[in-house]
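Engineer: give me a 3D structure for the following:
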Amino acid sequence: MSTVVAFNPNPRGKKRNHATDRSAFSVGFVAICVILIMQTVAFIIVCFLGAWLLAYLDHRAKFVELFWDVPGLIFAMIIAGFFLLCVLGMADAALGHKEDAIREGRGAVELLPVRRDAVIGPKLVEYLALIYAWTGEKDLALEQLAVAARVPGYLSYGQLRLHPYWDPPRGDPRFEKIVASLAPKPADK
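Structural biologist: Numbers count the residues shown, from 1 in each chain. Okay, the predicted model is just below:
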């Protein structure tokens, strides 16, 4: 027989200490960012060590087959770099480093704007909106969020309505208007 144990983040009805919650979130978020960066670096090292090993073992045919699409591999690493720059900006925002966070988020969006990449660009704009929201720049956050909401992509009604990332701008009429624009439309019968 097994016992089901429910996780209660607020035992015995105690008041929550939001400063402690935020610092715990910041530490966890930074740890996730460090892991993502380490995985990317490890991927790059393994690729180049594998290429060197194949060349050393004189498996030229396998080497050419494996790395025939070098531009595609380089493009994938560049895209990962844009995401990492935005994630680093989000980590800085969570830690309270406002100027660094905004600089990193803007840098990623400027390097890969929506007009150049309609798939990755809106996600970077969404991350920049989060950075602005977390650093207290509500007007800039809502401006970027409006841009991200106009482009079909990853941003959804449920995400904006329920995800705690979007708590800072919640309650602002402009934010509610953006959320309403993404609401599912009733089906016509």
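Engineer: gap between the residue nearest to Gly153 when sequence neighbours are not counted and Ala129?
Structural biologist: Leaving aside its sequence neighbours, Gly153 sits nearest to Pro122 (Cβ to Cβ, 6 or more residues apart in numbering; 3.8 Å). C-beta coordinates here come from the backbone N, C-alpha and C atoms, glycine included. To Ala129, Pro122 is 10 Å away according to Cβ to Cβ, to the nearest Å.
Engineer: neighbour-wise, which of the two wins?
Structural biologist: Neighbours per residue (other Cβ atoms under 10 Å) separate Pro122 from Ala129, with Ala129 holding more: 28 against 20.
Engineer: I'd say the more buried one and Ala149 touch.
Structural biologist: No: assessed by Cβ atoms under 8 Å, Ala129 is found out of contact with Ala149, at 9.4 Å.
Engineer: residues near the nearest residue to Leu111 once chain neighbours are set aside, how many?
Structural biologist: Spatial nearest neighbour of Leu111, chain neighbours left out: Phe82 (6.3 Å); criterion: Cβ to Cβ, 6+ apart. By other Cβ under 10 Å, 20 other residues sit near Phe82.
Engineer: and if you look at Ala146?
Structural biologist: 16.
Engineer: from Val179, how far off is it?
Structural biologist: Ala146 sits at a distance of 11 Å from Val179 (criterion: Cβ to Cβ).
Engineer: what of Ala101?
Structural biologist: Using Cβ to Cβ, Ala101 is found at 24 Å from Val179.
Engineer: what of Trp166?
Structural biologist: 9 Å.
Engineer: how about Leu142?
Structural biologist: Taken as Cβ to Cβ, the span from Leu142 to Val179 is 11 Å.
Engineer: in this protein, where is pLDDT below threshold?
Structural biologist: In the predicted model, the chain carries pLDDT under 70 at residues 1-33, 35-36, 39-40, 42-80, 188-189.
Engineer: show me what the helix or strand containing Gly107 is packed against.
Structural biologist: Per DSSP states H and E: Gly107 is located in helix 98-111. Secondary-structure packing of helix 98-111 (3 or more Cβ pairs under 8 Å, 6 or more residues apart in numbering; DSSP states H and E): helix 70-95, helix 121-134.
Engineer: tell me the helix or strand right after the shortest one.
Structural biologist: Spelled out, it's helix 121-134. helix 138-150.
Engineer: let's see that next one as PDB, backbone CA atoms only.
Structural biologist: Taking C-alpha atoms only, helix 138-150 is exported to PDB below (Å, rounded to 0.1, in the frame of the first residue of the first chain):
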ATOM      1  CA  LYS A 138       6.300  47.900 -17.100                       C
ATOM      2  CA  ASP A 139       5.800  50.200 -20.100                       C
ATOM      3  CA  LEU A 140       8.600  48.700 -22.000                       C
ATOM      4  CA  ALA A 141       7.500  45.200 -21.100                       C
ATOM      5  CA  LEU A 142       4.000  45.800 -22.300                       C
ATOM      6  CA  GLU A 143       5.300  47.300 -25.500                       C
ATOM      7  CA  GLN A 144       7.500  44.200 -26.300                       C
ATOM      8  CA  LEU A 145       4.700  41.900 -25.200                       C
ATOM      9  CA  ALA A 146       2.300  43.600 -27.700                       C
ATOM     10  CA  VAL A 147       4.900  42.900 -30.400                       C
ATOM     11  CA  ALA A 148       5.200  39.300 -29.400                       C
ATOM     12  CA  ALA A 149       1.400  38.800 -29.300                       C
ATOM     13  CA  ARG A 150       1.000  40.100 -32.900                       C
END
